[in-house]
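Peer 1: With the sequence up front, the predicted model follows.
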Amino acid sequence: MNAECVASQADITAEIARLQNSGAAEYRRAGGEEAQPRLDYPPYRSSALRHPKHPPLIVDPEEVERRAPCFGSQDLGPLDADLTAGRPGEPIGERIIVTGRLLDQAGRPVAGQLVEIWQANAAGRYRHQRDQHPAPLDPNFTGAGRCLTGPDGSYRFLTIKPGPYPWRNHDNAWRPAHIHFSVFGTAFTQRLVTQMYFPGDPLFDLDPIFQSILDPAARQRLIARYDHDLTQPEYATGYRWDIVVCGVRRTWTEDDG
């Protein structure tokens with residue numbers, strides 16, 4: 001790509017501001033909120049090519065899969081929710097405990113659901129062949145974990161706080177530190193994928209993915225809360241983050257629309 005055609009961070013920030021102002025006026029006039037991201041969001045450059053352009057098709061799960069997946073405690077290993085374990089040495093970075101509850105729109109717990117996470121390491125690099133930016137890989141950190149929600153809808157992971165990382169949306173583009181979450185229902189067609197962010201990140205205002213959700217309250221629901229009571233002395237800091245799977249206050253998910 002010609003360097004003259006690459007947008008600067010200032011260009012992207014100005015586009016975000018224009019869309020925030022126009023979008024806020026639109027949903028105020030409509031008397032509601034725009035809690036989910038716009039699928040075609042120009043500051044997020046690849047969304048022009050990736051967003052659906054036709055109405056969704058109704059899928060019969062029985063036609064997609066004749067036998068629904070069945071997850072249970074016997075399918076999970078004892079260390080699956082501990083991303084710091086299972087390697088020869090200790091991973092590098094700040095240990096964190098991430099916990100919360102999976103809830104429906106009435107605040108009721110959703111039990112027995114498979115929650116998966118994946119993330120970059122403390123240097124901001126994924127253990128994936130497509131991630132080749134010049135940050136070190138950690139031989140003791142794979143960045144993936146899973147667990148089942150308990151009777152109260154709770155999940156819990158021990159991991160390393162991820163670092164921000166560059167991406168090629170525009171010149172000098174950086175993503176805020178985040179952890180990807182996947183939640184399964186009773187079939188693969190019911191999978192929801194979202195992202196959890198950390199409080200006080202200076203990259204929030206610059207990130208077109210985070211800013212593609214025009215409603216500030218909906219964006220705030222993606223940010224975990226630091227919990228000092230959850231923090232373990234001299235070992236790990238603690239964060240709480242609930243996931244709401246339905247209703248007007250639900251958590252943003254990447255497959256909406």
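Peer 2: Nice, thanks for sending it over.

Peer 1: Helices of this structure, residue ranges please.
Peer 2: Using DSSP state H, the helices found in the chain span residues 9-29, 47-50, 61-64, 208-211, 216-220.

Peer 1: Arg221: how many residues sit nearby?
Peer 2: Arg221 has 18 neighbouring residues, counting by other C-beta atoms under 10 Å. Any C-beta I mention is one placed from the backbone N, CA and C, and that applies to glycine too.

Peer 1: The one 5 residues further on too?
Peer 2: Counted with other C-beta under 10 Å, the neighbours of Tyr226 add up to 14.

Peer 1: How about the contacts made by it?
Peer 2: Residues near Tyr226 by C-beta atoms under 8 Å, 6 or more residues apart in numbering: Pro199, Thr237, Gly238, Tyr239.

Peer 1: Please indicate which of these are buried?
Peer 2: Neighbour-count burial (16 or more other C-beta atoms under 10 Å) is assigned, among these, to Thr237, Gly238, Tyr239.

Peer 1: Show only the entries of those residues found in strands.
Peer 2: Among the buried ones among the contacts of Tyr226, the members falling in strands (DSSP state E) are Thr237, Gly238, Tyr239.

Peer 1: so which of those residues would you say is closest to His180?
Peer 2: Tyr239 (14.9 Å; C-beta to C-beta).

Peer 1: can you pull up the bridge partners for that closest one?
Peer 2: Taking DSSP bridges as the rule, Tyr239 bridges to Val98, Tyr226.

Peer 1: show me the contacts for it.
Peer 2: When contacts are counted by C-beta under 8 Å, 6+ apart, Tyr239 touches Ile96, Ile97, Val98, Thr99, Phe198, Ala224, Arg225, Tyr226, Asp227, Leu230.

Peer 1: So for it, what pLDDT did the model give?
Peer 2: With respect to pLDDT, Tyr239 scores 98.

Peer 1: cool, and Leu79?
Peer 2: Reported pLDDT for Leu79: 89.

Peer 1: my guess is it contacts Ala85, does it?
Peer 2: Yes - look at Leu79 against Ala85 with C-beta atoms under 8 Å: they come within range, at 4.6 Å.

Peer 1: which two of the contacts of Tyr226 lie the greatest distance from each other?
Peer 2: The span of the contacts of Tyr226, defined through C-beta to C-beta, is set by Pro199 and Gly238 at 12.3 Å.

Peer 1: Thr84 contacts Phe157, correct?
Peer 2: No - the criterion here is C-beta under 8 Å, and Thr84 misses it with Phe157 at 9.7 Å.

Peer 1: one step back: now restrict the contacts of Tyr239 to buried residues only.
Peer 2: Burial by neighbour count, judged by 16+ other C-beta under 10 Å, picks out Ile96, Ile97, Val98, Thr99, Phe198, Ala224, Leu230 from the contacts of Tyr239.

Peer 1: Adding pLDDT, write those out as CSV.
Peer 2: Below are the buried ones among the contacts of Tyr239 laid out as CSV (pLDDT from 0 to 100):
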residue, pLDDT
Ile96, 98
Ile97, 98
Val98, 98
Thr99, 98
Phe198, 98
Ala224, 98
Leu230, 97
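
Peer 1: Just give me the closest of those to Asn169.
Peer 2: Checking the buried ones among the contacts of Tyr239 against Asn169 by C-beta to C-beta gives Phe198 as the nearest, at 20.3 Å.

Peer 1: now, among the contacts of Tyr239, which is nearest to Arg175?
Peer 2: Out of the contacts of Tyr239, the member with the shortest distance to Arg175 (by C-beta to C-beta) is Phe198, at 12.0 Å.

Peer 1: Right, I'll call it a day here.
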